[in-house]
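Colleague: build me a model from this:
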Amino acid sequence: MELGIIKNKELIENFGNATQKKQYKKKGFLSNNQMQVILNKISRFCKYEKVGDGEYNITHIYDTPKPACINKLNKGLYQYIAPLIMTKLLREHDKNNKATFPILTWAKRIDMVNNNYTPIKYNKEAVGKEMNIDYKNIAEFFKKSDESIRYYMEGCLKLLDKADVLKWYKVPMLRKRVVSRVTDEGGGIRMICDYEDVKATDEDVDFVLRCVETARLQLGIKNKIDCYYSNKASEYKAKLGAMLKQKDILYMYDCYEVFYTSKTRGYSLLEAFSYKSEEQLTADFNQAFIDSLIENAEKRQIKSFANEFVKDNRVTDVYLANITTLSELTIDRASEELDIKEIKGAIKLDNYDEKINEDFNIQKWHRGRKVRDGV
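Modeller: I've put the predicted structure just below:
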């Protein structure tokens, strides 16, 4: 490819597929749609402008061609997520060109959700009572938003992998308890509990999955969703937690290890996205994600209305109002940060570790006997 004028015939010969070439040879022309496919292809390699009937002027040739999946990356939520992921990866990688985060942390890194997301997610009942929002609405909101975050994050990572700018791996991780004995100045012995995040071995994963199946079997839970959104959810959580404690495991989760492959290709890809600033990109992304969640909620509500047998929390206008409120509160980065400490019955963020200690029955020891704090 060279700078200057290029005609349809040369375009088709160099960039058309076998079918297009055969048709052009037979008829002497291609349809507008077929020509647009070819023009989309050359737009990955250069900038051009139409100068006449069947003639184009190539004004600039890219040093690094745009990937074949660039059109998909420039549509929907991907047009925001892709440049944000690449920007964070190129800026925050470690010495091995890698960034490692759980899915929700990645979502926070690119401002897909704000600081209210986690505390409200883990205080659904308390927040619901405080804000007069049906618990079912909150539970469904987080279920659907979690699914959307995972869907779009993984979908975008797959496309960026195809674009040859990064490699990514989903790694099972464990949050584990680590207990150590410490002797104080008076000779007393204290059991200090800390926590660590480690990669799960095959044996660890097998153990966790067997615990899950055992808990489900004991409670007669047949569907996965009933583990979290049914009247058996609390009992399931307690049973599973008790079994995991046998190996000091709090929970298992997915972590995403992402490596960039080439800074040159990475920065070149960023140039393929049109945005004024990272600030504006994030703001537009926030609004687009909120709109997506509300639009999907409207579809679920319409589906509920269409089925006369459906009698649930979706059939009222309050449902959409609640979803809208939650979306703006937990996603919009301009939203005021909620003071969870002021909500009655909520687990305070600074007491999460204390709550975990209670779950694991961690107690302090003094001179070989159990005592309460302060004794």
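Colleague: can you name the residues that contact residue 208?
Modeller: Neighbouring residues of residue 208 by Cβ atoms under 8 Å, 6 or more residues apart in numbering: 174, 200, 244, 249, 252. Just so you know, the C-beta spots here come from the backbone N, C-alpha and C atoms, and that holds for glycine as well.
Colleague: go with 7 Å
Modeller: 244, 249, 252 (Cβ atoms under 7 Å, 6 or more residues apart in numbering).
Colleague: any idea of the mean pLDDT for the strand or helix carrying it?
Modeller: Here residue 208, judged by DSSP states H and E, is contained in helix 202-219. Across helix 202-219, the average pLDDT comes to 96.
Colleague: which other residues reach the helix or strand just after that helix?
Modeller: As assigned by DSSP H and E, the chain's next helix or strand after helix 202-219 is helix 233-244. The contact list for helix 233-244 (Cβ under 7 Å, 6+ apart) reads 208, 211, 212, 214, 215, 218, 219, 221, 227, 250, 359.
Colleague: and with 10 Å instead?
Modeller: 139, 174-177, 207-208, 210-212, 214-216, 218-219, 221, 225-228, 230, 232, 249-252, 359-360 (Cβ atoms under 10 Å, 6 or more residues apart in numbering).
Colleague: between helix 202-219 and it, find me the angle.
Modeller: Interaxial angle, helix 233-244 versus helix 202-219 (axes from the mean of the first three to the mean of the last three Cα atoms, to 10 degrees): 140 degrees.
Colleague: please begin residue numbering at 31 from this point
Modeller: Will do, 31 is the new start, and the previous item becomes helix 263-274.
Colleague: pairing partners for the helix or strand following helix 263-274, with directions?
Modeller: With elements assigned by DSSP H and E, the helix or strand that comes after helix 263-274 is strand 279-290. Next to strand 279-290 in the sheet, as set by DSSP bridges, lie strand 128-132 (antiparallel), strand 196-213 (antiparallel).
Colleague: for the shortest one, which outside residues touch it?
Modeller: Going back to what we said before, that points to strand 128-132. 115, 118-124, 135-139, 196-199, 201, 203, 205, 227, 283-290.
Colleague: drop anything exposed from the residues you listed.
Modeller: 115, 118-120, 123, 136-139, 196, 198, 203, 205, 285-286, 288-290 (16 or more other Cβ atoms under 10 Å).
Colleague: how about the residue most central in space within the chain, what does it touch?
Modeller: Compute the mean C-alpha point of the chain, and by Cα atoms, centre = their mean the closest residue is residue 179, 3.5 Å away. Applying Cβ under 10 Å, 6+ apart, we find residue 179 in contact with 111, 133, 134, 136, 137, 142, 143, 147, 319, 361.
Colleague: these two touch, right, residue 155 and residue 161?
Modeller: No: with contacts counted by Cβ atoms under 10 Å, residue 155 stays clear of residue 161, the gap being 11.4 Å.
Colleague: surely residue 168 and residue 157 touch.
Modeller: Yes: between residue 168 and residue 157 a contact is recorded at 6.8 Å, counting by Cβ under 10 Å.
Colleague: residues shared between the contacts of the two?
Modeller: 150, 151, 356.
Colleague: out of those residues, who's nearest residue 89?
Modeller: residue 356 (48.3 Å; Cβ to Cβ).
Colleague: and the closest residue to that closest one other than its chain neighbours, its phi and psi?
Modeller: Nearest non-adjacent residue to residue 356, counting by Cβ to Cβ, 6 or more residues apart in numbering: residue 171, 4.7 Å away. Backbone dihedrals for residue 171, given as degrees, to the nearest 10, come out at phi -60, psi -50.
Colleague: neighbours of residue 171, just the number please.
Modeller: Counted with other Cβ atoms under 10 Å, residues neighbouring residue 171 total 22.
Colleague: hmm, residue 226 is touching residue 210, no?
Modeller: No: the criterion here is Cβ under 10 Å, and residue 226 misses it with residue 210 at 11.6 Å.
Colleague: thinking again about what came up before, could the shared contacts of residue 168 and residue 157 be laid out in TSV, adding neighbour count, pLDDT and secondary structure?
Modeller: TSV is the format used below for the shared contacts of residue 168 and residue 157 (neighbours: other Cβ atoms under 10 Å; pLDDT from 0 to 100; DSSP: H, G, I helix; E, B strand; the rest coil):
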residue	neighbour count	pLDDT	secondary structure
150	24	90	helix
151	18	87	helix
356	27	93	helix
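Colleague: adding distance to residue 295, write those out as CSV.
Modeller: Formatted as CSV, the shared contacts of residue 168 and residue 157 follow (distance: Cβ to Cβ, whole Å):
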residue, distance to residue 295
150, 39
151, 36
356, 38
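Colleague: tell me the secondary structure for the residue nearest to the centre of the chain?
Modeller: helix (DSSP: H, G, I helix; E, B strand; the rest coil).
Colleague: likewise residue 77?
Modeller: strand.
Colleague: excluding chain neighbours, what is closest to it?
Modeller: Closest residue in space to residue 77, ignoring its immediate chain neighbours: residue 90 at 4.2 Å, by Cβ to Cβ, 6+ apart.
Colleague: so who does that neighbour touch?
Modeller: Residues in contact with residue 90 (Cβ under 10 Å, 6+ apart) are 33, 75, 76, 77, 78.
Colleague: of all these, which comes closest to residue 296?
Modeller: Nearest member of the contacts of residue 90 to residue 296, counting by Cβ to Cβ, is residue 75, at 18.4 Å.
Colleague: ok, that closest one - how many residues close by?
Modeller: Neighbourhood size, residue 75 [other Cβ under 10 Å]: 16.
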